[in-house]
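Visitor: Build me a structure from this.
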Amino acid sequence: MNVRLDIEYDGTDFAGWAKQPGLPTIEGELERVLGTILQEEVRLSVAGRTDAGVHARGQVASFVTAGAPHTGKLRHSANQLLPEEIVIREASEAPPGFDARGSARSRTYSYTVLHRPFPSAFRRRFAYYYPGRLDVGLLAEAAALISGPHDFTAFTPTVTEHTHFERDIKLSQWTREGDLLVYRIRASGFLRNMVRVLVGTMLEIGRGYRKIDELAGLLAGSIRPAAGQTAPPCGLCLEAVEFGS
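Guide: So this is what the prediction gives:
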């Protein structure tokens, strides 16, 4: 049986999605709990391998099991055993051949900035506190320039497993939601740290530390040191994964 899991998690206290020896990870906790329930080794495929401290509202994972578990009971049992920061929102039987990573067509991330003169006791795990002056018009202009196909070499670490750096951005926009500035971006795939470096660079533009004219050159395949600082992981969240043609 092929099983799909729709998952949300607070990634603050985890070393990312991928299992790492001796460290708490989302994948490690899920595989441990599912293996205990099903009494077999579980190996998950995941749509987005989020980094340490990054959150998810719409993560999707899948696995193949030798049995035919009742998915509603599986979800209930797993949520009883998982750390409270990880929740399986839905468990369902997936079609044969479905793979959370290989079948995904796009991923949507958000990055939340708390933009006001004082911090928040309630949003500190899920938003980057940035009290400085920001030109929201420049942020919107920068986001529009990021739409479309570009070479994002400047927006990922120099030492990387990636060999292909072009990505086609289908959505790139900032919105103001009260005290929050929220950046949303959608593409078929992302490079490591790509969204956080884009946000860090745009915040430098909005603050007036960097000219917006520089962005076009960065998007043409510049080197990593030419781009801005990497924004903290707390503001980043995997919002949704889209499947199908």
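
Visitor: Wait, a helix at residue 113?
Guide: No - Residue 113: not assigned to a helix; according to DSSP: H, G, I helix; E, B strand; the rest coil it is strand.

Visitor: So residue 198 lies in a helix, does it not?
Guide: Yes - under three-state DSSP, residue 198 falls within a helix.

Visitor: Would you confirm that it contacts residue 185?
Guide: Yes - using CB atoms under 8 Å, residue 198 is in contact with residue 185, at 7.3 Å. The C-beta positions use only the backbone N, C-alpha and C, and glycine is treated the same way.

Visitor: can you map out the strands along the chain?
Guide: Along the chain, counting by DSSP state E, strands occupy 2-9, 45-46, 55-64, 86-93, 104-114, 128-129, 148-151, 166-177, 180-187, 236-243.

Visitor: and the last one, average pLDDT?
Guide: This points to strand 236-243. For strand 236-243, mean pLDDT rounds to 98.

Visitor: which other residues reach it?
Guide: 47-48, 50, 54-60, 100, 103-112, 126, 184, 195-196 (CB atoms under 8 Å, 6 or more residues apart in numbering).

Visitor: Can you tell me which of these are classed as buried?
Guide: 47-48, 50, 54-56, 58-60, 100, 103-104, 106-112, 126, 184, 195-196 (16 or more other CB atoms under 10 Å).

Visitor: Tell me which of the strands of the chain lies nearest to residue 221.
Guide: Residue 221 lies closest to strand 148-151 among the strands of the chain, at 3.5 Å (CB to CB).

Visitor: quick one: buried residues of the closest one?
Guide: Applying 16+ other CB under 10 Å to strand 148-151 flags residue 150 as buried.

Visitor: Out of the strands of the chain, which gets nearest to residue 223?
Guide: Comparing these by CB to CB, strand 148-151 comes nearest, at 11.2 Å.

Visitor: Off-centre distance for the closest one?
Guide: Computed by CA atoms, centre = their mean, to the nearest Å, the chain-centroid distance of strand 148-151 equals 19 Å.
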